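A.B. asks: Structure here, sequence nowhere to be found:
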């Protein structure tokens, strides 16, 4: 059976749901196709910086999310080699676009809040896209269950393994040579940590702890398996081994940091390889083609070293919704008569062209900065270690704020 939809979004992650909600706020209906049976909340939590809060405010859910999380006041950076503090940066300073605002947001809370604000039936679960084809002024999407949908606009928010980006001809993301182990832990009586982001690096690893609220802590460790002689094939299937590995790589840290990992349940630990799209491929590749585009990790997968993966996906959603709203909310002139499919297609293409122009360089900068920060923080080269601990730690910490000092704009239509 074939169905027609004005706007199809592939993927009910952060980027897909933000885009859908942004379009809804502008009076434009869209349908989200999600391959899983329910919302996916892998990753546990994400640092949410100023740029993300501006996007969340734009779609109308910023205050709802704020009320459920703890404001983070600064970052303290330590060496895992010496155990000594290397730098401390407060988050109370003002940037170009206002006061910095940082929280560690639980992914489940964010996705469920986005979903709750959408009209009933906006997400179609168990809808795995298996192929895409050009159908003139439409794009046809084939699902694993045999369904066929024709869309006037197709937006790929389907992650690192995006079928939409593949159809557009974007090169596959590459392996960064690094991996991440993440965890989240609850302390019913309170964890006692100050509202600060604690970050440690040295000995070829980077790890950190950040409160989500008074009883919840999120932690992570990133590393290069080749440096540590590790077989990730065995590790990623065994949370107990992940936990053991993390504990062995913490370095010189206080006992309460070690206890955070020790008290984390095995069902609250996850592993993922870290991939990125080569930044020059963003500049030269097809972010959009006709009535098809990509956003979020389908566009700019990056390493997590500046905490901008999810934040930039929210930016994408607001910018994309606004660009489509500008062209789709404008009605044809009376003398033009009834608008045909070709004219509608051209309007969509114009909107996606503007979106691509806005997001291309921003994506390039984020991917490049994240990769360089990760390389410096995890490097075991003696020269880099010296520079990192003596000169660069404060500079690297400030990059978090610099890359977050960005405004994606409002959903107003000019």
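C.D. replies: Arrived safely, thanks for sending. From a predicted model like this one, the values you see are computed outputs, not experimental measurements.

A.B. asks: And the helices in the stretch 151-300 of the chain?
C.D. replies: Secondary structure of the stretch 151-300 of the chain (DSSP state H, counting those that start in this stretch): helices located at 163-168, 225-228, 232-235, 239-248, 255-262, 279-284.

A.B. asks: Touching, residue 48 and residue 102? I think so.
C.D. replies: Yes: the pair residue 48 and residue 102 qualifies as a contact (Cβ atoms under 8 Å) at a distance of 6.9 Å. Glycine gets a C-beta too; all of them are placed from N, C-alpha and C.

A.B. asks: Looking at stretch 278-287 now, give me its mean pLDDT.
C.D. replies: Averaged across stretch 278-287, the pLDDT comes to 95.

A.B. asks: how long is it end to end?
C.D. replies: The straight-line separation of the ends of stretch 278-287 (Cα to Cα, to the nearest Å) is 13 Å.

A.B. asks: Enumerate residues external to it that contact any of its residues.
C.D. replies: For stretch 278-287, contacts defined as Cβ atoms under 8 Å, 6 or more residues apart in numbering pick out 168-171, 174, 293-294, 299-300, 355-356, 359-361, 363-364, 367-368, 371.

A.B. asks: gap between it and the chain center?
C.D. replies: 18 Å (Cα atoms, centre = their mean, to the nearest Å).

A.B. asks: what's the residue nearest to residue 290 when sequence neighbours are not counted in contact with, if anything?
C.D. replies: Excluding its sequence neighbours, the residue lying closest to residue 290 (Cβ to Cβ, 6 or more residues apart in numbering) is residue 349, at 5.5 Å. Residue 349 sits next to 288, 290, 291 when contact means Cβ under 8 Å, 6+ apart.

A.B. asks: Next, give phi and psi for residue 349.
C.D. replies: phi -60, psi -40 (degrees, to the nearest 10).

A.B. asks: Then residue 14?
C.D. replies: Dihedral angles (degrees, to the nearest 10) for residue 14: phi -60, psi -50.

A.B. asks: wait, what's in contact with it?
C.D. replies: 107, 110, 111, 114, 296, 310, 313, 314, 317.

A.B. asks: 7 Å instead, please
C.D. replies: 110, 296, 310, 313, 314 (Cβ atoms under 7 Å, 6 or more residues apart in numbering).

A.B. asks: Next one, pLDDT for the last one please.
C.D. replies: With respect to pLDDT, residue 314 scores 98.

A.B. asks: what's the nearest residue to it if we skip its chain neighbours?
C.D. replies: Per Cβ to Cβ, 6+ apart, closest to residue 314 is residue 55, 3.8 Å.

A.B. asks: List of residues touching the helix or strand containing the one you found?
C.D. replies: Assigning secondary structure by DSSP states H and E places residue 55 in helix 50-58. Contact with helix 50-58 is made by 18, 62, 65, 95, 97-98, 100-101, 311, 314-315, 317-318, 404-408, 410-411, as judged by Cβ under 7 Å, 6+ apart.

A.B. asks: if we can go back for a sec, and the contacts of residue 14, which two are furthest apart?
C.D. replies: Pairwise distances across the contacts of residue 14 (Cβ to Cβ) peak at 13.2 Å, for the pair 110 and 296.

A.B. asks: any chance you could map the strands in the stretch 1-150 of the chain?
C.D. replies: For the stretch 1-150 of the chain, the strands defined by DSSP state E, counting those that start in this stretch cover 2-10, 31-33, 45-48, 74-79, 85-90, 94-95, 98-99, 103-106, 123-124, 129-135, 138-143, 148-156.

A.B. asks: Which one of those lies nearest to residue 227?
C.D. replies: strand 74-79 (17.1 Å).

A.B. asks: show me where the stretch 151-300 of the chain has strands.
C.D. replies: 174-186, 196-202, 205-211, 216-223, 269-276, 288-289, 292-294.

A.B. asks: and the ones you listed, which one's lowest on average pLDDT?
C.D. replies: Taking mean pLDDT as the measure, strand 196-202 is lowest among these, coming in at a mean of 92.

A.B. asks: Against which helices or strands is it packed?
C.D. replies: strand 74-79, strand 205-211 (3 or more Cβ pairs under 7 Å, 6 or more residues apart in numbering; DSSP states H and E).

A.B. asks: how many degrees apart are it and helix 255-262 in direction?
C.D. replies: Interaxial angle of strand 196-202 relative to helix 255-262 (axes from the mean of the first three to the mean of the last three Cα atoms, to 10 degrees): 90 degrees.

A.B. asks: Use 637 as the first number from now on
C.D. replies: Taking 637 as the first residue, the last one we looked at is strand 832-838.

A.B. asks: Strand 832-838 pairs with which strands, and in what direction?
C.D. replies: According to DSSP bridges, strand 832-838 forms sheet pairs with strand 710-715 (parallel), strand 841-847 (antiparallel).

A.B. asks: Appreciated, that's everything.
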